[in-house]
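Asker: I would like the atomic coordinates for the input below:
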Amino acid sequence: MARLRQEVDPAEAGLDEKALDRLDRYATRLVDDGRLPGFLVALARGGRIAHLTTYGRRDVAAGLPVEADTLWRIYSMTKPVTAVAVLLLVEEGRLSLDDPLDRHLPAFAGPRVYVDGSGADMRTRPADGPILIRHLLTHTAGMTFGFYHRHPVDALYRDSGLEYSVPPGADLTETTEVYARMPLQFEPGTRWNYSVASNVLGRVVEVVSGQPLDAFFAERILRPLGMADTGFHIEPGPSEQAGRLAELYGETDDGGIQPVPGLPVHGRPRFLSGSGGLVSSAYDFHRFMEMLRRGGELDGVRLLSADTVGLMTRNQLPGDATLRSFGAPVHQEPGNDGLGFGFNVSVVTDPSRTLAPSSPGTYGWTGAATTAFWVDPAHELTVQFMTQVRPKTLKVFPELRRLVHEALRD
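Answerer: Below you'll find the model as predicted:
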């Protein structure tokens, strides 16, 4: 077990200490007001931790504090790790971005696209072309999530047991077979819709590599990067890791928090989710961010070429479109202006249009329990924010990004 530590004074790293104090006070107030149980925020420049703050509780009822080595369910921050796994196989020539999905998962042959209607009266037609691997990496495959409640195909996902992305008791193979029976909302490659696609990618990694997803992650990504606290589960039973795991909370209707169930992480789960299944620590995720920031290499270990990381972290939407302009209706909101999408990361394309100040080329993603990370290559900056609240109305990230941007002095 390794613990994140501050390595350099903020001023030496080109960060304004008064602005960092405003950042800490903002997050601390959310805890004191009962909106968050606790948090960890860390900023690094040039690979060195220049600001690290922990505050509040990882378990409110037990009175246990957030510490630098607390373990967090990072949910969708798993997706960039899955993208790296796919790109490892692409670099080895075992997979191509333009491979039809059905070459590796035959159940996805002959996809059909929504035309009109709903339920038993839904009409579909054959898609003009196949789903490609790159469509899955960019969330342009036409898949969806059942919890959106915005489109008849969303309802079909729910009716098929996919409201929470996985049928009760199913494993990854069984789950992707259910996905394959679902119609697409649109022609592959013609819109952006955040979806279950990363779970499909996880199954592709298994088939192409011949290994379970957790074994591939551990052997090819986690162990080489020294991410000893990251995985799809923690040590079972009363264990050192179990004692460090943060409790998961949900936002209540009155803006408070209460414990809620989450993905099972005490012992190896039956369903290995490439979309949102990982548990990690701040130390571990700092190392993952640094690998990306350094162009695929960390401490003499190279996972990917710099060109491949560059491909992953630049906008892949057609015509340099944004998430708002290219997104399905559920995503056509102001917060998606000025943002493109790479391979499982958002990318700032036009800072003048983003909801919060950002530098061009900044990339990152968030998790369902209000976790977030981003990498600002122009400023050699990495940022992570960890807490454990599944929100309803709580919006932390625009102000968080504004305050971090304000702290940059050069």
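Asker: From the contact counts, what lies against the longest helix along the chain?
Answerer: Across the chain, the longest stretch assigned as helix under DSSP state H is helix 17-32. Counting contacts by 3 or more Cβ pairs under 8 Å, 6 or more residues apart in numbering; DSSP states H and E, helix 17-32 packs against strand 38-45, strand 48-59, helix 397-407. Placement of C-beta: from N, CA and C, glycine included.
Asker: what's it in contact with?
Answerer: Contacts with helix 17-32, where a contact means Cβ atoms under 8 Å, 6 or more residues apart in numbering, come from 10-11, 36-39, 41, 43, 51, 53, 55-56, 385, 396, 399-400, 403-404, 406-407.
Asker: Nearest to Leu201 among the helices and strands packed on helix 17-32 would be which one?
Answerer: Closest to Leu201 of the helices and strands packed on helix 17-32, according to Cβ to Cβ: helix 397-407, at 24.5 Å.
Asker: for the record, mean pLDDT for the closest one?
Answerer: In this model, helix 397-407 has a mean pLDDT of 96.
Asker: what does stretch 191-199 give?
Answerer: 98.
Asker: Got the phi and psi for the residue lying farthest from the centre of the chain?
Answerer: Most distant from the centre of the chain: Asp121, at 35.0 Å, with distances by Cα atoms, centre = their mean. With angles defined as degrees, to the nearest 10, Asp121 sits at phi -100, psi 10.
Asker: any idea how far it lies from Arg150?
Answerer: Distance from Asp121 to Arg150, counting by Cβ to Cβ, to the nearest Å: 18 Å.
Asker: Ok, Gln316 next?
Answerer: Gln316 is 24 Å from Arg150, by Cβ to Cβ.
Asker: Which one's more surrounded, the two?
Answerer: Neighbour count, other Cβ atoms under 10 Å: between Gln316 and Arg150, Gln316 has more, with 22 against 16.
Asker: Figure out the length between the terminal residues of stretch 306-321.
Answerer: In stretch 306-321, first residue to last residue: 24 Å (Cα to Cα, to the nearest Å).
Asker: Kindly provide the whole-number mean pLDDT of it.
Answerer: Per-residue pLDDT over stretch 306-321 has a mean of 97.
Asker: Please list all residues in contact with Ala151.
Answerer: Just so we're on the same page, residue 151 is His rather than Ala. The contact partners of His151, by Cβ under 8 Å, 6+ apart, come to 114, 144, 185, 328-330.
Asker: Whichever of the contacts of helix 17-32 end up buried, select them in ChimeraX.
Answerer: For the buried members of the contacts of helix 17-32, the matching ChimeraX selection, counting by 16 or more other Cβ atoms under 10 Å, is:
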select :10,36,37,38,39,41,43,51,53,55,56,385,396,400,403,404,407
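Asker: now the helices for the stretch 201-350 of the chain?
Answerer: 213-217, 240-244, 282-293, 306-312, 323-326 (DSSP state H, counting those that start in this stretch).
Asker: what helices or strands is the third one leaning on?
Answerer: Right, helix 282-293. strand 38-45, helix 79-91, strand 297-298, strand 371-376, strand 381-386.
Asker: Is it possible to get these out as JSON lines so that each row also shows mean pLDDT and distance to Ser195?
Answerer: Formatted as JSON lines, the helices and strands packed on helix 282-293 follow (pLDDT from 0 to 100; distance: least, Cβ to Cβ, whole Å):
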{"stretch": "strand 38-45", "mean pLDDT": "98", "distance to Ser195": "29"}
{"stretch": "helix 79-91", "mean pLDDT": "99", "distance to Ser195": "11"}
{"stretch": "strand 297-298", "mean pLDDT": "98", "distance to Ser195": "30"}
{"stretch": "strand 371-376", "mean pLDDT": "98", "distance to Ser195": "20"}
{"stretch": "strand 381-386", "mean pLDDT": "98", "distance to Ser195": "24"}
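Asker: With distance to Asp69 as new columns, can these be given to me in TSV?
Answerer: Below are the helices and strands packed on helix 282-293 laid out as TSV (distance: least, Cβ to Cβ, whole Å):
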stretch	distance to Asp69
strand 38-45	10
helix 79-91	20
strand 297-298	20
strand 371-376	16
strand 381-386	11
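Asker: Which one, of these, ends up nearest to Val166?
Answerer: helix 79-91 (15.3 Å).
Asker: what's the nearest residue to Leu89 once chain neighbours are set aside in contact with, if anything?
Answerer: Closest residue in space to Leu89, ignoring its immediate chain neighbours: Leu95 at 4.1 Å, by Cβ to Cβ, 6 or more residues apart in numbering. By Cβ under 8 Å, 6+ apart, the contact set of Leu95 is 86, 89, 104, 133, 204, 208.
Asker: and the residues you listed, which two are the farthest apart?
Answerer: The largest separation in these, counting by Cβ to Cβ, is between Val86 and His104 at 10.9 Å.
Asker: In terms of neighbours, single out the busier of those two.
Answerer: Set side by side, Val86 and His104 show more neighbours around Val86, with 25 against 18, by other Cβ under 10 Å.
Asker: I'd like to know how far that one sits from Ala197.
Answerer: Taking Cβ to Cβ, one finds Val86 at 11 Å from Ala197.
Asker: hang on, the earlier thing: so which of the helices and strands packed on helix 17-32 comes closest to Met77?
Answerer: For these, proximity to Met77 was assessed by Cβ to Cβ; helix 397-407 is nearest, at 12.7 Å.
Asker: Please enumerate residues in contact with the closest one?
Answerer: For helix 397-407, contacts defined as Cβ under 8 Å, 6+ apart pick out 10, 15-16, 19-20, 22-23, 26-27, 41, 43, 51, 335, 355-359, 366, 372, 374, 381, 383, 385.
Asker: Filter those down to the buried ones.
Answerer: Applying 16+ other Cβ under 10 Å to the contacts of helix 397-407, the neighbour count classes 10, 15, 19-20, 23, 27, 41, 43, 51, 355-358, 366, 372, 374, 381, 383, 385 as buried.
Asker: From Ala306, how far out is Gly340?
Answerer: Distance, Gly340 to Ala306, by Cβ to Cβ: 20 Å.
Asker: Which of these two has more residues huddled nearby?
Answerer: Set Gly340 next to Ala306 and count neighbours by other Cβ under 10 Å: Gly340 wins out with 24 against 12.
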